[in-house]
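Q: Turn this into a model:
(4 chains)
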4 protein chains.
Amino acid sequence: ELGRFMNDIGKVDPDYVRSFQFVNRLLPSTWIVIRIDGCNFHSFSEDHEFVKPNDEQALNLMNSCAVAVITEFQDVVFSYGVSDEYSFVLKKDSQFYQRRASDIVSVIVSFFTSTYVMKWKDFFPQKELKYTPSFDGRAVCYPSTQILQDYLTWRQVDCHINNQYNTCFWELVKSGKSKREAQKFLKGTQTLEKMELLKKFGINDYNSLPAMFLLGSSAFWDKEETSLLHENGASDGNCERKVIIEHCNIIEPDFWNAHPYILGGS
Amino acid sequence: ELGRFMNDIGKVDPDYVRSFQFVNRLLPSTWIVIRIDGCNFHSFSEDHEFVKPNDEQALNLMNSCAVAVITEFQDVVFSYGVSDEYSFVLKKDSQFYQRRASDIVSVIVSFFTSTYVMKWKDFFPQKELKYTPSFDGRAVCYPSTQILQDYLTWRQVDCHINNQYNTCFWELVKSGKSKREAQKFLKGTQTLEKMELLKKFGINDYNSLPAMFLLGSSAFWDKEETSLLHENGASDGNCERKVIIEHCNIIEPDFWNAHPYILGGS
Amino acid sequence: ELGRFMNDIGKVDPDYVRSFQFVNRLLPSTWIVIRIDGCNFHSFSEDHEFVKPNDEQALNLMNSCAVAVITEFQDVVFSYGVSDEYSFVLKKDSQFYQRRASDIVSVIVSFFTSTYVMKWKDFFPQKELKYTPSFDGRAVCYPSTQILQDYLTWRQVDCHINNQYNTCFWELVKSGKSKREAQKFLKGTQTLEKMELLKKFGINDYNSLPAMFLLGSSAFWDKEETSLLHENGASDGNCERKVIIEHCNIIEPDFWNAHPYILGGS
Amino acid sequence: ELGRFMNDIGKVDPDYVRSFQFVNRLLPSTWIVIRIDGCNFHSFSEDHEFVKPNDEQALNLMNSCAVAVITEFQDVVFSYGVSDEYSFVLKKDSQFYQRRASDIVSVIVSFFTSTYVMKWKDFFPQKELKYTPSFDGRAVCYPSTQILQDYLTWRQVDCHINNQYNTCFWELVKSGKSKREAQKFLKGTQTLEKMELLKKFGINDYNSLPAMFLLGSSAFWDKEETSLLHENGASDGNCERKVIIEHCNIIEPDFWNAHPYILGGS
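A: Numbering: from 1, shown residues only, chains lettered A, B, ... in the order given. Have a look, this model is predicted:
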């Protein structure tokens, strides 16, 4: 058979086949956000018995993967995650993969997924990973820092709205209502009504819930890249940076003022 | 802090933030090929001591992941892999993720990666996975079956050319040459010269090497979806399909004639 | 001032500025349709007192522009027009402008517009062109001849539906109804009701209206590129081709069977 | 024939045909530049005997078309032209055609072309327009005002470089050299050498050439939209704006400081 194969070489023109490829290059000098979402994580969280409405270990695992992404891909300057989604911000002038959307999205999703599987046992030593988790992803460009911050605000507001709803929902379910009944019960309720409801279930101060549940998680380098200055005045060029995770308000300017290097770098 | 947060809700208009999203929809009624490649697998294969030029177990692991992809995503009708790359063909009329390139690429890359990590220990029981493997990916559309087959031909020809080169290269290295010397030695050599060289190293018949090395791997459903016909003539609607792996010439029409259902389905 | 200008040369890096350009290349080996539409032709036709519902001279002018486009751009193999729209089909393997959508669309729209203005006086010797007409345009790819024909069918069906409606509408207006009343009257009426209505206005056989109104206009080369064969058997390489306009059914296969060279060329 | 046609209606699904359409929406909140270029204007200018290296009337016609574009399309805030090219800047938050690249490019190119043909006789009363001129066009997004200004700088620098070259080239040709000889002569010459050359031809001060040739043309609204304030303090809401053309340095900040409303509006 291979004899015939030898004759087959040269049968096609690689340039012609390659001409069907297309590139989707992201506009230069814009912030790139890669947002990844768990696929079918509704089922995945049930099948792996995640605590509802928030499983602390599952969130810690997500955060740990985000830290790995930031550590691995140096152009990622900030990330924000909630539930089974995570957004990664690449610096404006990033030339990662020459800004080809498909490559950037796929490699970040791939690395995140890989890390999720490898670290699973660290966060769930008692639970077997029953099947393959997967994530999908997409890239969006934001032409100004203001609009990038609007994006992050949007995600954090969504975190709050979803968490408040889910906290009520699962309290209702724990109290004996079916999921359908709980859903119906909550339909159209406003914030104040939800707060009242939670009080009935003993959650007198919604704001006293863990900050990670209320505000999501931000992962970023804790300080700017610096070289150590020795007593003798010599710098050894080493860095003492590490990626940290905080659960804080990223809508108000305070956070960004306190960490000017995050978005100021480019 | 959260009190202030409450005031922040409604600060941004989600529709405005969302307006920056874009979709890259793949042209309808064209074959979609998702091609994934290992990132830095040169280092990865060294760090995990893969046998050179071909590590049978590493290839088996790749093939096993491809089988998982085909089994999971029903629109994938064929796949072809060699070394650390794999191409997945989606049927022409696939509506998977409404043909959004970013979603399709990312979820297939994610699932493949996830499976790679989970199955690692099955194929390398003695080797620890030292760090996170990752893959990148891209989508290409081919408007006709002929051009799709040209694409697959191109990949299989590349497989052959690379394998012949690599086989020579590693024989030279095993014989004491440095990698740089081996590279220099092979520069500009033609097929016949390489065949002669291999004979000197005892490989008298290059074509007798394992078919997986020579021809790569094709993974696909072994027969069309069928319902079982019982003795009493009743069909129970069950399928007995499974995904198989073959190492065969996919350039010549014989393969496609023998499996008309693969590309004939849509 | 210019002295300072001299210092400004070299202030910007052309490659950086150019990096913001993007190309939108149309998928190879697919039929390209460039469809152009008149901008604000509702007003334009009123301001230039076009006969309603169909102005024969205005349609002849459109057709004349289409003939010019086909004659100028050799990759255009067929065109179909109705009212103030025209669709131009480029052959599958066209390399015009390396298949860059923006260039192809803009140059065809520009040439069509230019011709429209230049030929205006030939078709409306008594009417002054009061202001600048303009057209917009877009490109679509069709991966198979069947789907391309489906596109053309769609346009011709639209032509019929619109013409039937407009014929009724303007008969009602001529009979004294306001435009609003005419619109209300026709809302929801079916084909048979419209036919009955037209009979009341003396149009006993709708199908006897001019074919150009009923079926739109197709412009194309009247025969394949051929070299003349002289009596002595020598070919002089000249072509006697010209672009013709027909008003015929392009939905049924008859037309395409009678002109196999139109879509068969590539 | 039409009888059969009636049966053809409903043969295709418009939604399916439409699904092949794609939109290329330009990133929100970025400056849009539509740049148009004359097609084959090398021949066009020869066939219409344009004065070389610069035909004042041809440039005035181009400028007049640019003024028409700015007057017609209110989102165009600035334009810059040289030779047979013109760049139109749309404001950052423009929603013109929902920012669909193809529509915006095609309608501006179409309107420009249409105006060019209609105004030809105003600028060349003695010259017949021998054939149809056409232009092609493309859209580029610039995410910041700085980069937009870099783009305009690039174009003005190009204007200078080309004009200096062309002035030398045509002086050499007028002096008896063939075009090929003139080209060869100029190859590799620097600015100073070109200046010296021009002095030999009596152009002692290159900078004394008309500003339109040296600096190109900028067309824009001469002042911000304002309402008139009457003596009695009442505003009548009328505007007294008009589009003006200047030939000035747009690289230095002076111009932009003197016209802050041009790019400051959005």
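Q: Which element, helix or strand, includes residue A:77?
A: Counting by DSSP states H and E, the element that carries residue A:77 is strand A:76-82.
Q: That strand packs against which elements?
A: Judged by 3 or more C-beta pairs under 8 Å, 6 or more residues apart in numbering or on different chains; DSSP states H and E, strand A:76-82 is in contact with helix A:56-72, strand A:85-90, helix A:145-174, strand A:217-221, helix A:260-264. The C-beta positions use only the backbone N, C-alpha and C, and glycine is treated the same way.
Q: That one versus helix A:145-174: what angle between them?
A: 20 degrees (axes from the mean of the first three to the mean of the last three C-alpha atoms, to 10 degrees).
Q: one step back: would you turn the helices and strands packed on strand A:76-82 into a markdown table with distance to chain D, mean neighbour count and mean pLDDT?
A: Formatted as a markdown table, these follow (distance: least, C-beta to the nearest C-beta, whole Å; neighbours: other C-beta atoms under 10 Å in any protein chain shown; pLDDT from 0 to 100):
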| stretch | distance to chain D | mean neighbour count | mean pLDDT |
| --- | --- | --- | --- |
| helix A:56-72 | 24 | 20 | 98 |
| strand A:85-90 | 14 | 24 | 98 |
| helix A:145-174 | 6 | 19 | 95 |
| strand A:217-221 | 23 | 22 | 97 |
| helix A:260-264 | 15 | 14 | 93 |
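Q: For residue D:261, find the nearest of the ones you listed.
A: helix A:145-174 (21.3 Å; C-beta to C-beta).
Q: Which strands or helices does the following helix or strand past that closest one pack on?
A: Per DSSP H and E, the first helix or strand lying C-terminal to helix A:145-174 is helix A:179-186. Applying 3+ C-beta pairs under 8 Å, 6+ apart, we find helix A:179-186 packed against helix A:145-174.
Q: gap between the helix it packs on and the chain center?
A: 14 Å (C-alpha atoms, centre = their mean, to the nearest Å).
Q: that older thread, strand partners of the strand holding residue A:77, parallel vs antiparallel please.
A: Paired neighbours of strand A:76-82 in the sheet (DSSP bridges): strand A:85-90 (antiparallel), strand A:217-221 (antiparallel).
Q: Nearest to residue A:17 among the helices and strands packed on strand A:76-82 would be which one?
A: Taking these one by one with C-beta to C-beta, strand A:85-90 is closest: 31.0 Å.
Q: Compute the inter-axis angle for the closest one and helix A:56-72.
A: 20 degrees.
Q: buried residues in the helix or strand just after strand A:85-90?
A: Downstream of strand A:85-90, the next assigned helix or strand under DSSP H and E is helix A:101-123. Within helix A:101-123, the residues scored as buried using 16 or more other C-beta atoms under 10 Å in any protein chain shown are A:101-120, A:123.
Q: how far off helix B:101-123 does helix A:101-123 point, in degrees?
A: Going by the same axes, to 10 degrees, helix A:101-123 makes 40 degrees with helix B:101-123.
Q: For helix A:101-123, what is the distance to the chain centroid?
A: On C-alpha atoms, centre = their mean, the centre of helix A:101-123 falls 11 Å from that of its chain.
Q: hmm, that helix touching chain D?
A: No - on the criterion C-beta under 8 Å from any C-beta of the partner chain, helix A:101-123 is out of touch with chain D, staying 12.6 Å away.
Q: can that helix be found next to chain B?
A: Yes - counting by C-beta under 8 Å from any C-beta, chain B has neighbours in helix A:101-123: A:101-103, A:105-107, A:109-118.
Q: Which two among the residues you listed are spaced furthest apart?
A: A:101 and A:118 (26.1 Å).
Q: hmm, back to that, what are the contacting residues of the strand holding residue A:77?
A: Contacts to strand A:76-82, defined as C-beta atoms under 8 Å, 6 or more residues apart in numbering or on different chains, come from residues A:59, A:62-63, A:66, A:69-70, A:86-91, A:108, A:152, A:155-156, A:158-159, A:162, A:216-221, A:250, A:262-263, A:265.
Q: Residue A:80: how many residues sit nearby?
A: Look at residue A:80: counted by other C-beta atoms under 10 Å in any protein chain shown, it has 24 neighbours.
Q: could you measure it against chain C, distance?
A: For residue A:80, the distance to chain C equals 28 Å [C-beta to the nearest C-beta, to the nearest Å].
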